[in-house]
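In: based on what follows, work out the 3D shape:
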Amino acid sequence: MVRRAFLLFAVLAPLTILLLNQIFWDKSWLLFIPVGPIILLGLWDITQRRSSLRRIYPVIAHGRYLFESIRPEIQQYFVENNIDGRPFNREQRSLVYQRAKNVTDTLPFGTQRDVDRAGYEWIPHSIAAITPAEEEERVRFGGEHCDQPYFASHLNISAMSFGSLSTHAVMALNRGAKAAGCWHNTGEGGISPYHLQGGDLVWQLGTGYFGARAADGGFDVERYRTNAQRPEVKMIELKLSQGAKPGHGGILPAAKVTPEIAEIRGVPLGKDVLSPPYHKAFDSPRGLIDFCATLRRESGGKPVGFKLCIGRREEFLAICKAMLEADELPDFITVDGAEGGTGAAPLELSNRAGVPLREGLSFVDNALRGVGLRDKIRVVAAGKIITGFDLFRTRALGADVVNSARGMMMALGCIQAVRCNTNHCPVGIATQDPARVQGLDVDDKTLRVQRFHHNTIHAFLELLAACGLQSPREIEPEHVHHRVEEDEVAHLGQLYPRLDDGLLVRDPEAAPAEWQAWWQAASPDSFKPQAVPLAGV
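Out: I've put the predicted structure just below:
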């Protein structure tokens, strides 16, 4: 019907204009200016073969694509309420913006949360509350084999590479880290000049070994040593996997390898750059622990750890067994939740692969307790952490400190346009488009990062004081309550029970059945499980 109507219009409209031009107005041909493009567009729609919708509904089908392109904005600004948006709702985004701008962040007229709904969480405050501390207590990173320990903030900037973020965004984050007194994780893209703005760096090494890459794509110890011993680099993090796409490598097409990126990453121009899903420098849990020791030694004794999103439990316990036999331990372990992050990822991996942060963090904390190493290794957590309560809850589940990526992006001005993978970020953060990048003012965004960090830490310290606690080290799982059902409440210690210290080594048969199966299947010589674990676990 629409197709026929268009064809009739395409014939009658020009004839009518010509008739008008002859009878009434000698300039009627000007009507071809709006009518002509419509006719050409419709003819193109009818003759093309890629879209059935456009062939059947010429011209007007483009309205569907227009509304589809602005659907996220319509949803975000006109449809969603304050607490139902994803991945971050309006209340959460507004809080970050308010804290980054240093404006009022108080909530009027009571909470909008349904406190009787399953999933609601809160802290049991104390009648004997205390005055909040003015400054946070720092957390030491670095074990007995570490010559250059680092004292960290409880809130830090998570891994985001130059290339995925713009030059101005990276500069603002690093300067913000310096002003805030927290670390800035480089991401696996290497150390760029934009990272060297005075902020403390955690240099992340992924499977591509960018910044320490040999010609064959393997690990080059000489290049590593040069970067690892930079004074700006305070710690080194070996990335095994990430929450956004666990178990997945990556490829940087040759067309995107600029001379600047090639120099930073240590890769050749004109060739695709592969980041495999596995490391070439080691192939077993023992090899991983030995490699961490090598990284520490060649860095001059700086703290070294590894990052992963938990998948197969047996594999992590295999690493624990390797640590029990090793002369040196990693200084920290970063647990990334499957909630994803700033990087674009295949939908199936983003939605369905990996263990969410709560379960993954609780498991790592328990595993380290079970082998008696928890007090020797720091645990960092990352996964949708942007508020003081997020920090408090994550600490209750076993983290020593946390990383935030998307929170820091929102502090820079991210509006959650969800276009990070298109190079069309509207605010100049996740793009390499020079015109968009120039719109991001580095000095202003530096202050916003610093303010967001300061105000979030202050909110965390206020929660701590409301519970009557003097130090974050006093936070226990019992300090966070969770509504399981409308008429059932449990604290995190009940939902995520802890193993006794050293239980897996001392008496593994006394551990829960699933832990027994995982422990038996784990071998320090291989990441592959040695036996089939219990069904369902």
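In: so for the lengthiest helix in the chain, mean pLDDT?
Out: Counting residues, the longest helix found in the chain (DSSP state H) is helix 442-466. Here helix 442-466 scores 98 as its mean pLDDT.
In: also stretch 364-381?
Out: 98.
In: going forward, count from 9.
Out: Fine by me, first position is 9 from now on; the one you just mentioned is stretch 372-389.
In: what's the span of it, first residue to last?
Out: With Cα to Cα, to the nearest Å applied, stretch 372-389 spans 10 Å between its terminal residues.
In: what about Gly313, helix or strand, and which?
Out: strand 312-316 (DSSP states H and E).
In: show the average pLDDT along that strand.
Out: The predicted model assigns strand 312-316 a mean pLDDT of 97.
In: what does it contact?
Out: Applying Cβ atoms under 8 Å, 6 or more residues apart in numbering, the set of residues contacting strand 312-316 from outside is 149, 167, 212, 243-250, 254, 296, 300-301, 303-304, 324, 338-344, 385-386, 388. Where you see a C-beta, it was placed from the backbone N, CA and C, and this is true even at glycine.
In: can you give me the buried ones in that strand?
Out: By neighbour count on 16 or more other Cβ atoms under 10 Å, the buried set for strand 312-316 is 312-316.
In: what of stretch 229-242?
Out: Using 16+ other Cβ under 10 Å as the test for burial, stretch 229-242 gives 231-232, 235-236, 240-242.
In: mind giving me the domain ranges of this protein?
Out: Here the domain parsing of the chain from automatic domain parsing is 10-77, 147-529.
In: tell me the most buried of the ones you listed?
Out: Most buried of those by mean neighbour count (mean count of other Cβ atoms under 10 Å) is domain 147-529; its value is a mean of 20.
In: chain center to that one, what's the gap?
Out: 9 Å (Cα atoms, centre = their mean, to the nearest Å).
In: coming back round to it: kindly reformat the domains of the chain as JSON lines containing distance to Asp92.
Out: What follows is the domains of the chain, written out as JSON lines (distance: least, Cβ to Cβ, whole Å):
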{"stretch": "domain 10-77", "distance to Asp92": "21"}
{"stretch": "domain 147-529", "distance to Asp92": "14"}
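In: and Glu347, what does it touch?
Out: Counting by Cβ under 8 Å, 6+ apart, Glu347 has contacts 95, 251, 364-365, 391-392.
In: please disregard the earlier target; I meant His153.
Out: With Cβ under 8 Å, 6+ apart, His153 has these contacts: 301, 304, 309, 336-337.
In: which among the contacts of Glu347 gets closest to Thr119?
Out: Lys392 (19.3 Å; Cβ to Cβ).
In: hmm, the closest one is touching Leu399, no?
Out: No - if you go by Cβ atoms under 8 Å, Lys392 and Leu399 don't touch, sitting 11.6 Å apart.
In: give me the common contacts of those two.
Out: By Cβ under 8 Å, 6+ apart, no residue touches both Lys392 and Leu399.
In: any idea which element Tyr232 lies in?
Out: Judged by DSSP H and E, Tyr232 forms part of helix 229-236.
In: report the angle between the axes of that helix and strand 312-316?
Out: 100 degrees (axes from the mean of the first three to the mean of the last three Cα atoms, to 10 degrees).
In: which helices and strands sit right next to helix 229-236?
Out: If you count contacts as 3 or more Cβ pairs under 8 Å, 6 or more residues apart in numbering; DSSP states H and E, helix 229-236 packs onto strand 208-213, helix 293-307.
In: give me the angle between the last one and strand 208-213.
Out: With the same axes, to 10 degrees applied, the angle from helix 293-307 to strand 208-213 works out at 140 degrees.
In: what does helix 293-307 rub up against?
Out: For helix 293-307, contacts defined as Cβ under 8 Å, 6+ apart pick out 153-154, 213, 229, 232-233, 236-237, 241, 244, 246, 248, 287, 289-290, 310-314, 323, 326-327, 329-331, 333-339, 531-535.
In: now do stretch 133-150
Out: By Cβ under 8 Å, 6+ apart, stretch 133-150 touches 156-162, 243, 310-311, 313, 339-340, 386, 408-409, 465-466, 468-470, 472-481.
In: run the chain-centre distance for it.
Out: Here stretch 133-150 shows a centroid-to-chain-centroid distance of 26 Å under the convention Cα atoms, centre = their mean.
In: mind checking the end-to-end distance for it?
Out: Stretch 133-150 end-to-end distance (Cα to Cα) = 33 Å.
In: buried stuff in that stretch?
Out: 141, 144, 147, 149-150.
In: now do stretch 112-123, average pLDDT.
Out: So the average pLDDT for stretch 112-123 ends up being 79.
In: put the alpha carbons of it into CSV.
Out: The C-alpha coordinates for stretch 112-123 follow below in CSV (Å, rounded to 0.1, in the frame of the first residue of the first chain):
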residue,chain,number,x,y,z
THR,A,112,24.4,19.4,47.3
ASP,A,113,24.0,15.6,47.2
THR,A,114,21.4,15.2,49.9
LEU,A,115,18.2,13.4,49.3
PRO,A,116,14.9,15.2,50.2
PHE,A,117,11.6,13.6,51.4
GLY,A,118,13.0,10.1,52.1
THR,A,119,14.3,7.2,50.1
GLN,A,120,12.6,6.2,46.8
ARG,A,121,13.7,2.6,47.4
ASP,A,122,11.2,0.0,48.3
VAL,A,123,12.6,-1.1,51.6
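In: any idea how far it is from the chain center?
Out: Here the centre of stretch 112-123 is set off from its chain's centre by 27 Å, with Cα atoms, centre = their mean.
In: can you list the neighbours in contact with that stretch?
Out: 90-91, 99, 103, 106-107, 128, 130, 463, 491.
In: identify the residues contacting Leu511.
Out: 377-378, 518-519.
In: try 7 Å this time
Out: Counting by Cβ atoms under 7 Å, 6 or more residues apart in numbering, Leu511 makes contact with 378, 518-519.
In: just put these in a markdown table and tack on secondary structure and distance to Arg62.
Out: Shown next, in a markdown table, are these (DSSP: H, G, I helix; E, B strand; the rest coil; distance: Cβ to Cβ, whole Å):
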| residue | secondary structure | distance to Arg62 |
| --- | --- | --- |
| Gly378 | helix | 60 |
| Ala518 | helix | 67 |
| Ala519 | coil | 62 |
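In: looking at those residues, which is nearest Pro22?
Out: Nearest to Pro22 among the contacts of Leu511, with distances taken as Cβ to Cβ, is Gly378, at 81.0 Å.
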